[in-house]
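> quick one, structure for this:
(4 chains)
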Number of protein chains: 2
Amino acid sequence: MAPRRDVARRTPLSRERVLEAAVGLADREGIEALTMRRLAQELGVEAMSLYHHVPNKEAILDGVAEVVLTQVNDAVDQLDAQVAQEGWQAAMRRRVLTAREVMLRHPWAPQVLETRTTMSLPVIGYFDGVLGVLLAGGFSYDLAHHALHALGSRALGFTQELFEPDDHEVGEAEAMAVLEQVADRFPSLAGMMAAVSHDPADPTLGWCDDQREFEFGLDVILDGLERRRRAG
Amino acid sequence: MAPRRDVARRTPLSRERVLEAAVGLADREGIEALTMRRLAQELGVEAMSLYHHVPNKEAILDGVAEVVLTQVNDAVDQLDAQVAQEGWQAAMRRRVLTAREVMLRHPWAPQVLETRTTMSLPVIGYFDGVLGVLLAGGFSYDLAHHALHALGSRALGFTQELFEPDDHEVGEAEAMAVLEQVADRFPSLAGMMAAVSHDPADPTLGWCDDQREFEFGLDVILDGLERRRRAG
DNA sequence: ACCTGAACACCGTTCAAGT
DNA sequence: ACCTGAACACCGTTCAAGT
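Numbers count the residues shown, from 1 in each chain, chains lettered A, B, ... in the order given. Coordinates of the predicted model:
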C-alpha cells in the first residue's frame, strides 16, 4: 500500500540487519528507546516480525553487545602490537585506549555489557588478546590472571563513574550546588573543590577530564602490575 | 475485612517503611522483582498508595541507594581510622573492605548505584571520608582528586566483573565448555586455564576467588597511588 | 490526609491467521 | 518461510472517588 514500506521490505530482515538497527537506535536515542516495537518501526516492520530472527529481547541485547565487541576487536586488530620492541605497557595502553575510542561511540554499551551473563565469542577473543600482551610481556599465567581481574572493565576502555551523570555540565552544576549547601559537613570535599582549580584555558568545561582520569587510573594499574611482574 | 490487612495497616506507610521494604524485597528476590505493584503487595497495600510517600519509581531507586550507602557509612564510622599510626593505605584498605562487606549483602546495589545520576548526601559523605583518609595520608588535593577517579567504584567495595555471571558455578562451567570448544582460536586463554590450577583444597569452588581478586586489584591501585604521592 | 479502583499508555510475548 | 493483527500478562502512572 504505502510505497515506503515496500522499499524497506525489499531487503529482507535478518539477524544482522536487526542488530545493526538496534545499535543505531541505541546510539541515536539511548538504550531505553530500544524496545521491540520501536526497533520494528525503525525497520519498517511489525514488532512480531523480529521474533523470526531473534528469540527474544534478551538475545537482541546479547547481539548488540557482540556487535560492539566485534567493532572493538576490528579496531585493536589494526594495531600491530610489537610488545618486544615497545614493551607490554605501551602495547596494552594503546590497545585499551583504542577499545575506549570504540566504546565512547556507544555510551550505552557499558550498561549492556555488564548485564550480559553469557560470555560471547568476541569478548573471549578480546580478553585473549589482552592476555596475549601480558604473556608476551613476561607475565606468568598466574599473575596475568590476577592482572585481568585488576583491570576489569578498564581493559575494555571504560569505568563506571559514580560521580558523573550523563549530562556532565548539568550534573556538575548540580553537584556544586549541593556541595555548597553542605560544605561545612564535608570539609575534605569542600577543601578539594576550592583547591583544584578550573583552568579557564582548559578546553574541558567541567573540572574532571574523563580521558585524563581514565589514563591516570590505567597507568596506576599498569605500573603496579609491572612492579609485581618484576618482583616475580 | 481480612484481619491481616488491618494488622499491616496499623503502622502507617512512610517513605522510610517503603524504602526498607524495597531493600528487603530486592535482597530476597532480586532487583527485577522490585515493581510498584509487588512492593505494595509486600506492604499490604495498593500500588497507588506508594505515590503518597514517594513521587515515582525513580525516587524509590534513589531511596534504596541512599539506604545502602547509609549502611556503608554506619559501618565505616565504626572504624576508628588512625591514619597517623597505621598509614593511609591500611586505613583505606580497611575502609574499602568494610564497605564491600555491606555491598555484598545487597548484590543488586552496584547496578542501582551506577544508574543514579544525582549524588545523594550519603554518597557525598562516603567519598568525603575517603578523601579525608587520602589528605591525612599526605596527598595533595590534586593527587587525591585523581586518586578518587582511579579508585572509582572500588572505593565502595565493588567492581563490575565482565566475566562472572550471577551463578558462578553454572557460569564457569559454561565458560569452560565454550572455551574448550574453541581452545585453538584462543591460545592464551586456553593456556592460562590449563596452567592456573584448581586447588582441590581451596574452599572456593570456581577458579577465581572474588575477594582475593578484589583485594589484589585494590592493593595494586593503593601501591601505585602511594608511589605517586611519594614522587610528589 | 491517606488509601483505593478503574483506566491509560506503554512493555515483551503468544497465537492463530494471513501471504 | 516470513510477516501480521489481535490479544495477554505485565509495567509505571493519572485521575476521580472513597474514608
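
> isn't A:Asp62 right next to A:Arg116, touching?
Yes: in terms of Cβ atoms under 8 Å, A:Asp62 counts as a neighbour of A:Arg116; the distance is 6.1 Å. For glycine as for every other residue, the C-beta is placed from the backbone atoms N, C-alpha and C.

> for the residue nearest the centre of chain A, what are its contacts?
Centroid check for chain A by Cα atoms, centre = their mean gives A:Met103 as the closest residue, at 3.8 Å. Residues in contact with A:Met103 (Cβ atoms under 8 Å, 6 or more residues apart in numbering or on different chains) are A:Val68, A:Val72, A:Ala109, A:Pro110, A:Leu156, A:Gly157, A:Phe158.

> do you have the helices of chain A handy? List them.
Per DSSP state H, chain A carries helices over the ranges A:3-10, A:15-29, A:36-42, A:57-78, A:83-86, A:88-104, A:109-115, A:121-136, A:141-151, A:168-181, A:187-195, A:210-230.

> the ones you listed: which one's closest to B:Leu97?
Closest approach to B:Leu97 among the helices of chain A (Cβ to Cβ): helix A:141-151, 15.9 Å.

> quick one: average pLDDT of the closest one?
Per-residue pLDDT values over helix A:141-151 give a mean of 96.

> ok, and what's touching it?
Contacts of helix A:141-151 with the rest of the structure, by Cβ under 8 Å, 6+ apart, involve A:96, A:127, A:130-131, A:134-135, A:139, A:155, A:221, A:224-225, A:228-229, B:161, B:163, B:191-192, B:195-196, B:208, B:213-214, B:216-217, B:220.

> any buried residues in that helix, and which?
Residues A:Tyr141, A:Leu143, A:Ala144, A:His145, A:His146, A:Ala147, A:Leu148, A:His149, A:Ala150, A:Leu151 are the ones in helix A:141-151 that count as buried (16 or more other Cβ atoms under 10 Å in any protein chain shown).

> setting the sequence-adjacent residues aside, check what's closest to the third one.
Spatially, and ignoring its direct neighbours in sequence, A:Ala144 is nearest to A:Leu134 (4.2 Å; Cβ to Cβ, 6 or more residues apart in numbering or on different chains).

> how many residues are close by that neighbour?
Residues near A:Leu134, counting by other Cβ atoms under 10 Å in any protein chain shown, number 25.

> pretty sure it contacts A:Trp88?
Yes: applying Cβ under 8 Å as the test, A:Leu134 and A:Trp88 come out as touching, 6.4 Å apart.

> what pLDDT does the closest residue to A:Gly125 other than its chain neighbours get?
Leaving aside its sequence neighbours, A:Gly125 sits nearest to A:Asn73 (Cβ to Cβ, 6+ apart; 5.7 Å). What the model reports as pLDDT for A:Asn73 is 97.

> for A:Asn73, which residues are in contact?
A:Pro122, A:Gly125, A:Tyr126, A:Gly129.

> return the residues in contact with A:Val18.
Residues near A:Val18 by Cβ under 8 Å, 6+ apart: A:Leu39, A:Leu43, A:Leu50, A:His53, A:Val54, A:Ile60, A:Gly63.

> number of residues surrounding the residue nearest to it when sequence neighbours are not counted?
Leaving aside its sequence neighbours, A:Val18 sits nearest to A:His53 (Cβ to Cβ, 6+ apart; 5.2 Å). Using other Cβ under 10 Å, A:His53 is surrounded by 17 other residues.

> could you measure from A:His53 over to A:His149?
According to Cβ to Cβ, to the nearest Å, A:His53 and A:His149 sit 36 Å apart.

> which ones are touching A:Gly125?
Applying Cβ under 8 Å, 6+ apart, we find A:Gly125 in contact with A:Leu69, A:Asn73, B:Arg185, B:Phe186.

> oh, that last question was meant for A:Met92, not what I typed.
Contacts of A:Met92 (Cβ under 8 Å, 6+ apart): A:Val130, A:Val133, A:Leu134, A:Gly137, A:Leu222.

> grab the nearest non-local neighbour of the last one.
The spatial neighbour of A:Leu222 that comes closest, neighbours along the chain excluded (Cβ to Cβ, 6+ apart), is A:Gln89 at 4.9 Å.

> distance of the one you found relative to A:Glu101?
A:Gln89 is 19 Å from A:Glu101, where distance means Cβ to Cβ.

> between those two, which has more neighbouring residues?
Neighbour totals were compared for A:Gln89 and A:Glu101, and A:Gln89 leads with 18 against 12 (other Cβ under 10 Å).

> circling back: state the distance from the residue nearest to A:Ala144 to B:Val196.
Going from A:Leu134 to B:Val196 by Cβ to Cβ gives 13 Å.
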